[in-house]
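Student: model this:
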Amino acid sequence: MYLKYNIAMRINRFVAQATGMSRRAADRVIEQGRVFVNNQHPSTGYDVQPDDVVSLGDKVLHIQESQTILFNKPAGYICSRDGQGGQTIYDLLPPELYNLKPVGRLDRESSGLLLLTNDGELAQKLTHPSHQKTKVYEVSINKELQPLHRQMISDYGVHLEDGPSKFELERLQEGNDKAWRVRMHEGRNRQIRRTFASLGYTVTKLHRTHFGTYTLNDLKSGMYKLV
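Tutor: Next comes the predicted model:
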């Protein structure tokens, strides 16, 4: 659904809302000369008027109504439109939600809370390191975690090829050292799996339950809700 507006709007804000990109990314495509207003290149400070025709390349842009969903991703699905032969999360969503983009992806083997939105500003706020959104996971490993390794992860961090990895660990059940609740602020690619692997463990289950203020609660696997 396109959103009607009747006041002037700064060009970078218009492009961001119409495409789902951040305003910084919108500034870049404007500076690169890829954005046109009435077939002319606008200045970076241009205010779009209600009757202006704005395009990115040869595609006319319209502001879409902001929409965000919380989705309980099952394991086995890829967070991409191009599954390269595999099943994707979009196979589980209705066509009217195909324009939404995932925020903070989960790998194919992982499950749980996934946010999808067309709001570029919200996506930026949720993923930028300066905002430090806490993410919580329930993680199972193939053998008991040794006390020394737990201390290394929680207190000192484990060195990975892209830098140190450190997160909080809490037993999901007293006496069970194979099932843990992980709290972290980062979200590097497969960070939890790589951290345990560097110490000789294999993650057998990884399920995200919280992302900032968003929680799964009783949302069933494969289902979504508007937020």
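Student: Show the pLDDT at the residue nearest the centre of the chain.
Tutor: By CA atoms, centre = their mean, the chain has its centre lying nearest to residue 103, at 1.6 Å. Reading off the confidence values, residue 103 has pLDDT 90.
Student: residues touching it, list them.
Tutor: For residue 103, the contacting residues are 114-117, 122-123, 126-127, 211, by CB atoms under 8 Å, 6 or more residues apart in numbering. All C-beta atoms are positioned from the backbone trio N, CA, C, and that covers glycine.
Student: quick check: domain ranges of the protein?
Tutor: As assigned by automatic domain parsing, the chain contains the domains 9-60, 68-128+218-226, 134-211.
Student: Can you give the distance of the last one from its chain's centre?
Tutor: Between the centre of domain 134-211 and the centre of its chain there are 20 Å (CA atoms, centre = their mean, to the nearest Å).
Student: Can you give me the end-to-end span of it?
Tutor: Taking CA to CA, to the nearest Å, the first and last residues of domain 134-211 lie 6 Å apart.
Student: pull the CA atoms of the helix or strand of the chain with the lowest mean pLDDT into CSV?
Tutor: Sorting the helices and strands of the chain by mean pLDDT, DSSP states H and E puts helix 120-127 at the bottom, at a mean of 81. Backbone C-alpha positions of helix 120-127 (Å, rounded to 0.1, in the frame of the first residue of the first chain) are rendered in CSV as follows:
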residue,chain,number,x,y,z
GLY,A,120,15.1,1.5,6.8
GLU,A,121,15.4,3.8,9.9
LEU,A,122,14.2,1.0,12.2
ALA,A,123,16.5,-1.5,10.6
GLN,A,124,19.4,0.9,11.2
LYS,A,125,18.5,1.4,14.8
LEU,A,126,18.2,-2.3,15.5
THR,A,127,21.5,-3.3,13.9
